[in-house]
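> I would like the atomic coordinates for the input below:
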Amino acid sequence: MSIEVKWCSGCRLEKPVEGFWKNQGRCKECQRAARKGTNPHASNYTAWKFALAKFGLTPDDYYRLYADQDGVCAICRKAEPERRLAVDHCHSTDKVRGLLCRKCNMGIGLLGDDPKVIARAHSYLIA
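This is a model prediction of the structure:
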């Protein structure tokens, strides 16, 4: 006798069908976590997939980048457990550079993504 399984679009694992409510793509565990706001990878999954697609990324590409960076921001090296890391990209070429926490992503954005300005900020801070 085999156990019928289904793939969860939230945690991306195969689980027994008993772990899902009828006609749902996410398992009961991910659905509960999303309602509580405790699992950033379970909520808004479809919107996130479309946002990734504009950079030519799939969720698997994102998770590969995430693993390559050990789950931390490429700049400050801190984890952001309450939300997904942002996909940082060059605004003129749309080339993906890596994943950043919200603060670092906003910081370089507010400095215009300009390496010269960022270098001056660095010089200012170490003076």
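
> what helix or strand is residue 30 on?
helix 28-36 (DSSP states H and E).

> what is the rounded mean pLDDT of that helix?
Helix 28-36 shows a mean pLDDT of 76.

> go on, stretch 65-76?
According to the model, stretch 65-76 has a mean pLDDT of 94.

> first to last residue in it, what's the distance?
16 Å (C-alpha to C-alpha, to the nearest Å).

> report the buried residues of it.
65-66, 69, 72-75 (16 or more other C-beta atoms under 10 Å). For every residue, glycine as well, the C-beta is placed using N, CA and C.

> most centrally placed residue in this protein?
residue 84 (3.4 Å; C-alpha atoms, centre = their mean).

> and it, helix, strand or coil?
coil (DSSP: H, G, I helix; E, B strand; the rest coil).

> that one reaches residue 48, doesn't it?
Yes: taking contacts as C-beta atoms under 8 Å, residue 84 lies within contact range of residue 48: 6.8 Å.

> how's this structure carved up into domains?
For the chain, automatic domain parsing gives the domain ranges 5-36, 46-126.

> wait, isn't residue 28 in contact with residue 20?
Yes: when contacts are counted by C-beta under 8 Å, residue 28 is listed as touching residue 20 (6.4 Å).

> sorry, back to before: check the offset of the helix holding residue 30 from the chain's centre.
Relative to the centre of its chain, helix 28-36 is centred 18 Å away, using C-alpha atoms, centre = their mean, to the nearest Å.

> gap between residue 27 and residue 3?
Distance of residue 27 to residue 3, computed by C-beta to C-beta, to the nearest Å: 14 Å.

> the two: which is more packed in?
A direct count of neighbours by other C-beta atoms under 10 Å for residue 27 and residue 3 places residue 27 higher, at 25 against 8.

> gap between residue 54 and residue 87?
Distance from residue 54 to residue 87, by C-beta to C-beta: 9 Å.

> could you do residue 101 as well?
From residue 101 to residue 87 the distance is 12 Å (C-beta to C-beta).

> with residue 119 instead?
Note on residue 119: its distance to residue 87, by C-beta to C-beta, is 24 Å.
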